[in-house]
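Asker: Just the structure for this:
(chains A and B)
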Amino acid sequence: MMRRVLALTRKEVHQLLRDRSNLMLGGVLPIILILIFGYGLSFDVRDAPVAVVMEDASPLAHEAIAGLTLSRYLAPMIVRDMPSAEALLHAREVDAILRVPADFSRRYAGGDAQLQVILHGVDVARARTIDSYLRAAVGQMALREADRAGALRGGAAAGGPVSIEQRMWFNAANTSTWFLVPGLIVLITTLVGAFLTALVMAREWERGTLEALFVTPVRPIEILVAKLLPYFAVAMLGLVLCLLAARGLFHVPIRGSLEVILLASVCYVFVSLAIGLLISAATKNQFLASQIALVVSFMPALMLSGFLFDLRNMPAAVSALGHVLPATHYLELLKSLFLAGNVWPMILRDTAILLLYALLLLALARSRTRKRLE
Amino acid sequence: MNAQAPALAARGVGKRFVDRQTRAAVVALDAVSFEAAHGELTALVGPDGAGKTTFLRLAAGLMGAEAGTLQVLGIDVARDPQAVQNRIGYMPQRFGLYEDLTVQENLDLYADLHGVPAATRRDRYARLMEMSALGPFTARLAGKLSGGMKQKLGLACTLVAEPELLLLDEPTVGVDPLSRHELWEILLGLVAERRTTVLVSTAYLDEAARCAQVVLLHQGRVLRQGTPQDIRSEAEGLSFTAVPATGDSVRRLQARLFDDPPTIDAVPRGGAVHLVRRDVRPDNPDAALQAVLAGARIEAVAPSLEDGFMVLLDAVVGGERTTAAPGVADLPAGSVSAAAEPPTVIEVRDVVRRFGDFTAVDRTTFSVRRGEIFGLLGPNGAGKTTTFRMLCGLLPASSGFLRVAGHDLRHARAQARGKIGYVSQKFALYASLTVDENLDFFGGAYGLRGTRLRMRREAVTTRFGLGERGATRAGELPGGYRQRLAMAAALLHEPEILFLDEPTSGADPPARREFWRHITTLAESGTTIVVTTHFMEEAEYCDRVLIQEAGRVLAVGTPLEIRRQAGERDGRPPDMEQAFTAIVAQARAAAGDRVAA
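Answerer: Next up is the predicted model:
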């Protein structure tokens, strides 16, 4: 038994090392994903261009927009008039227009000054973020004015305007890479586990190599074990790359224990591998297997695990579906382990669920892989 | 276990499949009973879809039978497939090799799986390498081997455990005659020296003739089991050879005889027509036959295995032959050849094609005349496909001159393509479209529209007997009909030249006969045919053939000239296959000498 497993594993490693596409998928793709997600696909808004139309040239009007220049999230540019600002918005050269109307100073004195904000609403999340940055920036003016007025009045400013101090727990800097990295780990282990394994196993069905292999003393379990071992290693390699990138490049804190992260990952990698084996046993065709692996494992891990969209904001049915996915539990666990620390009830529950899934799916893969051609 | 018990015994074995599209049950095997004796070669022959592959898979324990019992090496394979799999060797149709592993790694894998002890490996590897001549290539990736070498490696992998029983599924499909010959030498050696039992399925009856027993399957039933001699004797007294009278041609005589209902089989062979017919009294042919023969001399000959096979098939299939090639057989003898020399339609001068530093085609020169059937022969990797692609304008030549249908391929590839038709080796039509939809699509692609398209579609469907199947999806057509559809599509725009790439690979004798009947009809009506094939006897249908090896032209000429070039055997020119083998072997030996010097 051991000799056959060893022989098959050796064969698998040879094939893995020779086939560039496998290596790309296992080693290069994680790196590319890390770089794209880490640097390119951040949800943060930085230096968002805003067109500022100054129809009022008074010092007060300038005071009103001073906050914008100070903000590191906004990059204001002064524009002549409204039509040219609109042109910029249409061309998406700017994300928003802030208009200081001609009667701003006059009405300010009267206590009902107005500013107009026009946002490019195609990307709603970004528009909302910019909106709140704009409000904050303009709001500073009121604070400063109040401050100044208070100073003039000689410290009689007891009961001045109330300001709200925001604190974002677990991700105090509100850096989106911090919660993207755990999601990335889920994606990469899913991709390597399910997609790659489904592909290489389906290839054996397709090329008829399994047909020849079957008519030897080899047992199905041995074929499966020999497939699992090398691809387990590849998935773990992807995981380690992600962890290194998380620490080295993005300075994501790892507040929970590394051992628990690894243990949970091992469970989840086996879940993915088993899904891959099941898909290939069902389709026996590379093209179909890759399509199904994407639809069944990768897309849900991306859309329904709580990675991109919060499950609580989804319709009940979709949310329920999301909660059934192993990826959801793995992601929940990872996020908490990275950013919050060891929350033992959650660790025990999610690890148990993952382990159960792994055992169940592996058993299923074993029973579906038979030395039969029908 | 009793040594006298058969190595394999099938009793009433039945197997059905459910067609995925129609949900109908298809009978693959029906009450199949036969035995294969220990230490003998048994051949499983039969037309496509006869159930050969299914039977071998049942014997290997890869499928379960619905009825009957199948004992392999004394074990009920349905009850304990693993016990059988531990002791046999099985080579599926695609050899089952890992193309991204080296020769040695493939061997090691199978040796490990079979638990071959390290001590015995060295000797065994050495013997297998010597047998397969793969010794110098152990470090080469299996995917980089030629077809014949892959097949030998596949066999070596199944032999590494020295199995008592070998199951081989069409091991020689798509393999050139030389490699085929070598493989059979190995098999015969195994049986003689090691008393290995071999069950091999094949479409080549000359291979079956070398076996001790032949099992003839037809539509899932055993039509006949016996020694090759038993099957040959079915055609005893029915085999003849007919030499055409002066002014007549072999091909026209063959066509007339083939179309004549009492004929069971008629093929061109060595400047005459080989004929199997029930009603011939050679000394006194009746008047109807006299008319068909048109003065041809007729003479009784010893029947071949193929003759017996055709007689047995004819008994079950009867007059089911669907030849629909009207008119041409009625052409008066000599009507075409009497005309002036037809013009040249393909001219190839000093053509070279290189891929990197590898020369696939080397200074090749030949020409083809209008209405000729021109055959391209050669071992795997000889440059046939490259030559073919250059002629079709799919691949530019590195240097040299190519003119096809009056157009220089360097400047006017598109115009030349409009005048040629191409039938590729793989089925290249849309499986989900119906016959008519496929034809309309290809007609449209060639610029046919409206009435013209309808007329042409009508013409080709009638010619190939596809009229009633217009609404059938191409993917649901039986194999033979698919090929007819592929030909019909290639002929829609009335091309001057038709290119056919291994059109009969894997097809059984009746299907091949019918195919060639269409080809000869086309040629008679003035279409030029260029064809590649691995069946050497099919070269006899050609007016001229070209033999390529390592990119060079070894011989060009009529089949008779080629056979004479190979030298005489027992005072007579060898048959086409022997001639081919001899010519290629001579060239290889000469090349070896050059390298040695």
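Asker: my guess is residue B:563 meets residue B:573, correct?
Answerer: Yes. Between residue B:563 and residue B:573 there is a contact under Cβ atoms under 8 Å: 3.9 Å. For every residue, glycine as well, the C-beta is placed using N, CA and C.
Asker: Pull up the overlap in contacts between those two.
Answerer: Residues touching both residue B:563 and residue B:573 by Cβ atoms under 8 Å, 6 or more residues apart in numbering or on different chains: B:270, B:579.
Asker: Pick out whichever of those two has more residues nearby.
Answerer: residue B:563 (26 against 20; other Cβ atoms under 10 Å in any protein chain shown).
Asker: which element is whatever residue of the stretch 201-350 of chain A ends up closest to chain B on?
Answerer: Using Cβ to the nearest Cβ, the closest approach of the stretch 201-350 of chain A to chain B is made by residue A:212 at 2.4 Å. Taking DSSP states H and E as the criterion, residue A:212 maps to helix A:209-214.
Asker: what's the following helix or strand after that helix?
Answerer: Next helix or strand after helix A:209-214 toward the C-terminus (DSSP H and E): helix A:220-248.
Asker: interface residues of chain B facing chain A?
Answerer: By Cβ under 8 Å from any Cβ of the partner chain, the residues of chain B that approach chain A are B:17, B:57, B:60-64, B:81-82, B:85-86, B:88-101, B:105, B:108-110, B:112-115, B:141, B:154, B:157-158, B:161, B:167.
Asker: ok so, going back, could you pull up the residues touching the residue of the stretch 201-350 of chain A closest to chain B?
Answerer: Residue A:212 makes contact with B:90-92, B:95-97, B:154, B:157-158 under the criterion Cβ under 8 Å, 6+ apart.
Asker: domains in chain A, as residue ranges please.
Answerer: If you go by automatic domain parsing, the domain ranges for chain A are A:2-41+A:175-368, A:48-152.
Asker: what's the least confident stretch among the ones you listed?
Answerer: Sorting the domains of chain A by mean pLDDT places domain A:48-152 lowest, at a mean of 83.
Asker: Next, the contact list for the residue in the stretch 251-374 of chain A positioned nearest to chain B, please.
Answerer: The stretch 251-374 of chain A approaches chain B most closely through residue A:373 (4.6 Å), counting by Cβ to the nearest Cβ. Residues near residue A:373 by Cβ under 8 Å, 6+ apart: A:211, A:214, B:57, B:62-63.
Asker: again, but for residue B:433
Answerer: Residue B:433 sits in contact with B:441, B:473-474, where contact means Cβ under 8 Å, 6+ apart.
Asker: Excluding sequence neighbours, find me the nearest residue to the residue of chain B found nearest chain A.
Answerer: Chain B approaches chain A most closely through residue B:96 (2.4 Å), counting by Cβ to the nearest Cβ. Sequence neighbours aside, residue A:212 is the residue nearest to residue B:96 in space, at 2.4 Å (criterion: Cβ to Cβ, 6 or more residues apart in numbering or on different chains).
Asker: Can you tell me which of the contacts of residue B:433 are buried?
Answerer: B:473-474 (16 or more other Cβ atoms under 10 Å in any protein chain shown).
Asker: hmm, back to that, let me know the helix or strand that the residue of the stretch 251-374 of chain A closest to chain B is in.
Answerer: Per DSSP H and E, there is no helix or strand for residue A:373.
Asker: what number of residues lie near the closest residue to it other than its chain neighbours?
Answerer: Excluding the flanking residues, the one nearest residue A:373 by Cβ to Cβ, 6+ apart is residue B:62, at 4.6 Å. Residue B:62: 23 surrounding residues under other Cβ under 10 Å.
Asker: In which helix or strand does residue B:62 reside?
Answerer: Using DSSP H and E, residue B:62 maps to neither a helix nor a strand.
Asker: Which helix in chain B has the most residues?
Answerer: Counting by DSSP state H, the longest helix found in chain B is helix B:576-596.
Asker: residues in contact with that helix?
Answerer: B:177-178, B:181, B:206, B:270, B:377-379, B:536-537, B:539-540, B:547, B:549-550, B:552, B:554-555, B:559, B:562-563, B:565-567, B:569, B:573-574.
Asker: Would you write out the PyMOL command that picks the buried residues out of those residues?
Answerer: Buried residues within the contacts of helix B:576-596, by 16+ other Cβ under 10 Å, are selected in PyMOL with:
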select buried, chain B and resi 177+178+181+206+270+377+378+379+536+537+539+540+547+549+550+552+554+555+559+562+563+565+566+573+574
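Asker: Filter the contacts of helix B:576-596 down to the ones in strands?
Answerer: Residues of those located in strands (DSSP state E): B:377, B:547, B:549, B:552, B:554-555.
Asker: what does chain A have sitting close to chain B?
Answerer: So far as Cβ under 8 Å from any Cβ goes, chain A lies against chain B at A:3-4, A:6-8, A:10-11, A:14-15, A:18-19, A:207-209, A:211-219, A:371-374.
Asker: still on that earlier bit, ok, so what distance separates the residue nearest to residue A:373 from residue B:117?
Answerer: Going from residue B:62 to residue B:117 by Cβ to Cβ, to the nearest Å gives 27 Å.
Asker: Leaving out the residues flanking it, which one is nearest to the residue nearest the centre of chain A?
Answerer: Centroid-nearest residue in chain A: residue A:180, 3.6 Å away (criterion: Cα atoms, centre = their mean). The shortest distance from residue A:180 to any non-neighbouring residue, by Cβ to Cβ, 6+ apart, is to residue A:37 (5.2 Å).
Asker: show me the contacts for that neighbour.
Answerer: The neighbourhood of residue A:37, defined by Cβ under 8 Å, 6+ apart, consists of A:177, A:180-181, A:183-184.
Asker: now it, what's its secondary structure?
Answerer: Look at residue A:37: counting by DSSP: H, G, I helix; E, B strand; the rest coil, its state is helix.
Asker: picking that back up, show the contacting residues for the residue nearest to residue A:373.
Answerer: Neighbour list for residue B:62: A:211, A:214-215, A:371-373, B:81 [criterion: Cβ under 8 Å, 6+ apart].
Asker: ok, how many other residues are close to residue B:17?
Answerer: For residue B:17, the count of nearby residues is 14 (other Cβ under 10 Å).
Asker: where does it land in three-state SS?
Answerer: For residue B:17, the assignment made with three-state DSSP gives strand.
Asker: in the helix or strand hosting residue A:88, what counts as buried?
Answerer: Using DSSP H and E, residue A:88 falls within helix A:82-90. Across helix A:82-90, burial judged by 16+ other Cβ under 10 Å covers A:82, A:85-86, A:88-89.
Asker: same deal with stretch A:57-64?
Answerer: A:60-61, A:63-64.
Asker: residues making contact with that stretch?
Answerer: Residues contacting stretch A:57-64 (Cβ under 8 Å, 6+ apart): A:54, A:100, A:104-105, A:108, A:115, A:138, A:141, A:144-145.
Asker: try 7 Å
Answerer: A:54, A:100, A:104-105, A:108, A:115, A:138, A:141 (Cβ atoms under 7 Å, 6 or more residues apart in numbering or on different chains).
Asker: now do stretch A:223-234
Answerer: So stretch A:223-234 is contacted by A:5, A:8-9, A:12-13, A:16, A:26, A:192-193, A:196-197, A:201, A:213, A:269, A:273, A:277, A:365-366, A:369 (Cβ under 7 Å, 6+ apart).
Asker: cutoff 6 Å now
Answerer: Under the criterion Cβ atoms under 6 Å, 6 or more residues apart in numbering or on different chains, residues A:5, A:8-9, A:12-13, A:16, A:26, A:192, A:197, A:269, A:273, A:369 lie in contact with stretch A:223-234.
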